[in-house]
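A.B. asks: Requesting a structural model of the entry that follows:
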Amino acid sequence: MKAPTLWIDVTELFGQFALSSHPTGISRVMINLVDALAADPGVLFEKVRPIFWHPVWRLPLAFDYTVHRDLAAFFPSLRNSYAESGWEVPRIRSGLRKGIMTSVPKPFRFRLFPYLHGVTHFLGWARHAGIGVHPVAFSRNDRLFVPGSFWLDGYAPRLAAHAKSNGATVGVFVHDVLLLSNPEWLAPGHAQQFRRGVEAFLPHCSVVACNSTHTRNELRNHVSLPASLPIEVCRLADARIVPPATQMPREVADLSGRHFALFVSTLTPRKNHRLLVDAWLQLHDILGAQTPALVFVGGGAPDAALGEVLARAAKRGVPVIRLDGVDDAALETLYDNAWITLYPSLGEGYGMPVAEALARGKVCLATQCGGLADVAPDLIDAIDPQNPNILVERIVSYHKDPKRLAAREAQVRARYRPTQWADTARCVRLLLEQAVRAVH
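C.D. replies: This next block holds a predicted model:
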C-alpha cells in the first residue's frame with residue numbers, strides 16, 4: 001500500500017508575496033510550520049507537499065519548490081523574482097478601470113486579468129521560470145491540512161470535498177474565532193464571510209488544531225461541532241529562527257541611546273495602539289526629555305481616533321516611531337535592543353509577539369485578554385486595556401528603578417521556556433497521524 005502524503009494548502013501565500021517580501025502574522029506561522037513538518041514528516045507520512053487552489057480551473061496544484069529551497073526562502077524572494085523577470089503586479093491607478101475589472105465575475109476575472117489573483121499571477125511566472133506545476137493526486141491514505149485562513153475566497157470547501165472524494169482526510173488549524181466572538185472589531189461583512197467558511201468547511205474536517213485553550217473554547221462556544229471532533233492545542237513556536245540584523249532601523253538608531261518600548265502589531269483598533277499613545281502623552285509630562293521612545297512595528301493605517309492622538313503626540317514632541325516593512329532579522333535586532341515590550345490588545349487568539357518577547361528575556365507589559373492568558377500569565381506584567389494610568393505607573397516605576405526591571409528580566413529568562421517550530425510541528429503531526437489511523 002502506498003505510504004500517505006501530507007498535502008498542505010498554502011494558497012493565500014501567493015497573494016501576500018506578490019506584494020510583500022516578508023511574512024507577518026498567519027503567513028509566518030504557515031511558512032515555518034510547513035517547513036518544520038517537511039523537515040520531519042514522522043513515521044506515517046512519506047512526504048510533505050505544499051499545494052494551492054487554482055481559482056479558474058478549480059483544482060489543487062503542486063509545484064516543485066523542494067528542488068530549489070524551502071518556503072522560508074522561496075516566498076520572501078518571490079516578489080524580487082517577479083521584478084527581475086518583469087512580472088511585477090501592475091498598479092491599477094484608474095478607479096474606473098479597477099471598477100470594470102472587479103465587475104467581471106470570478107473565475108472569468110482571473111482568466112482575463114491573471115495578475116489580480118496571487119495564484120494565476122504566479123503560474124504565469126512559473127512557466128517563464130521553468131518551475132514545474134502539476135495536478136494533485138490525492139489517495140486514500142493521504143491527509144489534507146489547511147493551516148491558514150480557510151474562510152477566505154471560499155475555495156476551501158471545494159478543496160476539502162475534492163480531497164475527500166479521493167479518500168483523503170482533512171485537518172485544519174484555527175487561529176482565532178474573533179470574527180464570531182467580537183465582529184465589531186473588524187470590517188463589516190467579514191463576520192458573515194467567516195461564518196460561511198466555518199459552516200461550509202469545518203464539517204469536512206476530522207481534526208482541528210488551535211493555538212490556545214481560549215481559541216479551542218471559543219470555537220466550541222460559537223460553532224456547532226460534534227463533541228467527538230478532536231480539537232487540540234498546539235502551542236506556536238516563539239524561539240529565534242534567524243540571527244539579528246547587524247544594524248538597527250535608521251529611525252531607531254537615531255534615538256542616540258534613548259530607551260525604547262516596542263509594540264509589534266498591525267495597526268488596527270483591536271490592537272489598542274491608542275492606549276499606548278494616551279499613556280505616552282502622560283509620560284512625557286512626567287519624564288520630559290527622558291521619555292522612552294514608543295516604537296510601533298507593523299503595517300496598517302490609523303483610524304480617526306488614533307490619528308488624532310498621534311497628531312497630538314507629534315505636536316508636543318512625544319517620541320512615537322512607526323516602522324513598516326520590518327523583516328525577521330531586523331525584528332530580532334529590535335527585540336534585542338528594546339528596553340521593554342508592550343501588547344495592549346483588546347483580544348487575541350494567542351498573541352505570538354508576547355511569547356516572542358518573553359522568549360527573548362524581555363519584560364512585557366500586556367493585557368491578558370483572550371488567548372494572551374495562555375502565554376505565561378505569571379510572567380506578563382498585566383495592564384488594563386482601558387486605563388492608561390496603570391501603564392504609566394509601571395513605566396515610571398521601571399524607569400526610576402532599573403534594578404527592578406533587571407530583576408524582572410532575570411525572572412523571565414530563568415522561567416520562560418521557548419517553543420521551537422519542531423515542537424509545534426510535532427504536535428500538529430501527531431494529531432494528523434491520529435486522525436488518519438482512526439479513519440483507516
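
A.B. asks: Only alpha carbons, please: show stretch 175-194 as CSV.
C.D. replies: Taking only C-alpha atoms (Å, rounded to 0.1, in the frame of the first residue of the first chain), the coordinates of stretch 175-194 have been written out as CSV:
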residue,chain,number,x,y,z
HIS,A,175,-6.0,30.7,14.8
ASP,A,176,-8.9,32.6,16.4
VAL,A,177,-12.7,33.0,16.4
LEU,A,178,-12.7,36.8,16.9
LEU,A,179,-14.9,37.3,13.8
LEU,A,180,-17.7,35.5,15.7
SER,A,181,-17.0,36.5,19.3
ASN,A,182,-16.3,40.2,18.5
PRO,A,183,-17.4,41.0,15.0
GLU,A,184,-17.4,44.8,15.9
TRP,A,185,-13.6,44.8,15.9
LEU,A,186,-13.2,44.1,12.2
ALA,A,187,-14.5,45.3,8.9
PRO,A,188,-18.3,44.9,8.3
GLY,A,189,-19.1,41.7,6.3
HIS,A,190,-16.1,39.8,7.5
ALA,A,191,-18.0,38.1,10.2
GLN,A,192,-20.6,36.8,7.7
GLN,A,193,-17.8,35.6,5.4
PHE,A,194,-16.1,33.8,8.4
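
A.B. asks: For it, what is the distance to the chain centroid?
C.D. replies: Here the centre of stretch 175-194 is set off from its chain's centre by 16 Å, with CA atoms, centre = their mean, to the nearest Å.

A.B. asks: neighbours of G288, just the number please.
C.D. replies: The tally of other residues near G288 (other CB atoms under 10 Å) stands at 9. (C-beta placed from N, C-alpha, C; glycine too.)

A.B. asks: Run through the strands of the stretch 301-440 of the chain in chain order.
C.D. replies: Using DSSP state E, counting those that start in this stretch, the strands of the stretch 301-440 of the chain run over 320-323, 340-343, 364-366, 381-382.

A.B. asks: export those strands to a markdown table and tack on distance to F113, mean pLDDT and mean neighbour count?
C.D. replies: Rendered in a markdown table, the data for the strands of the stretch 301-440 of the chain read as follows (distance: least, CB to CB, whole Å; pLDDT from 0 to 100; neighbours: other CB atoms under 10 Å):
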| stretch | distance to F113 | mean pLDDT | mean neighbour count |
| --- | --- | --- | --- |
| strand 320-323 | 33 | 95 | 17 |
| strand 340-343 | 40 | 98 | 26 |
| strand 364-366 | 43 | 98 | 26 |
| strand 381-382 | 50 | 96 | 16 |
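
A.B. asks: V392: which of those is closest?
C.D. replies: Shortest distance between V392 and the strands of the stretch 301-440 of the chain, using CB to CB, is found for strand 364-366: 10.7 Å.

A.B. asks: Check what contacts the closest one and list those residues.
C.D. replies: For strand 364-366, the surrounding residues in contact (CB atoms under 8 Å, 6 or more residues apart in numbering) are 340-345, 351, 354, 357-358, 372, 379-383, 391, 394-395.

A.B. asks: repeat that with 10 Å
C.D. replies: Contacts to strand 364-366, defined as CB atoms under 10 Å, 6 or more residues apart in numbering, come from residues 261-263, 276, 279, 338, 340-345, 348, 351, 353-358, 372-373, 375-377, 379-383, 385, 390-391, 394-395, 398, 408, 412.

A.B. asks: Output the strands of the stretch 301-440 of the chain in a markdown table; the columns should cover distance to K164.
C.D. replies: Formatted as a markdown table, the strands of the stretch 301-440 of the chain follow (distance: least, CB to CB, whole Å):
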| stretch | distance to K164 |
| --- | --- |
| strand 320-323 | 44 |
| strand 340-343 | 39 |
| strand 364-366 | 41 |
| strand 381-382 | 45 |
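
A.B. asks: closest to A168 out of the ones you listed?
C.D. replies: Taking CB to CB as the criterion, A168 comes closest to strand 340-343 out of the strands of the stretch 301-440 of the chain, the separation being 38.6 Å.

A.B. asks: Direction included, what does that closest one pair against?
C.D. replies: Based on DSSP bridges, the strands next to strand 340-343 in the sheet, each with its direction, are strand 260-264 (parallel), strand 364-366 (parallel).

A.B. asks: if we can go back for a sec, buried among the contacts of strand 364-366? Need that as a selection in ChimeraX.
C.D. replies: Provided next is the ChimeraX selection string for whichever of the contacts of strand 364-366 are buried by 16 or more other CB atoms under 10 Å:
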select :261,262,263,276,279,338,340,341,342,343,344,345,348,351,353,354,355,356,357,358,372,373,375,376,379,380,381,383,385,390,391,394,395,398,408,412
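
A.B. asks: and the gap between A200 and R158?
C.D. replies: In this structure, A200 and R158 are 9 Å apart, going by CB to CB, to the nearest Å.

A.B. asks: Which residue, other than its chain neighbours, is closest to H22?
C.D. replies: Counting by CB to CB, 6 or more residues apart in numbering, the nearest residue to H22 once its immediate chain neighbours are dropped is D327, at 4.2 Å.

A.B. asks: Now do the contacts for that neighbour.
C.D. replies: Applying CB under 10 Å, 6+ apart, the residues contacting D327 are S21, H22, P23, T24, P76, V242, A245.
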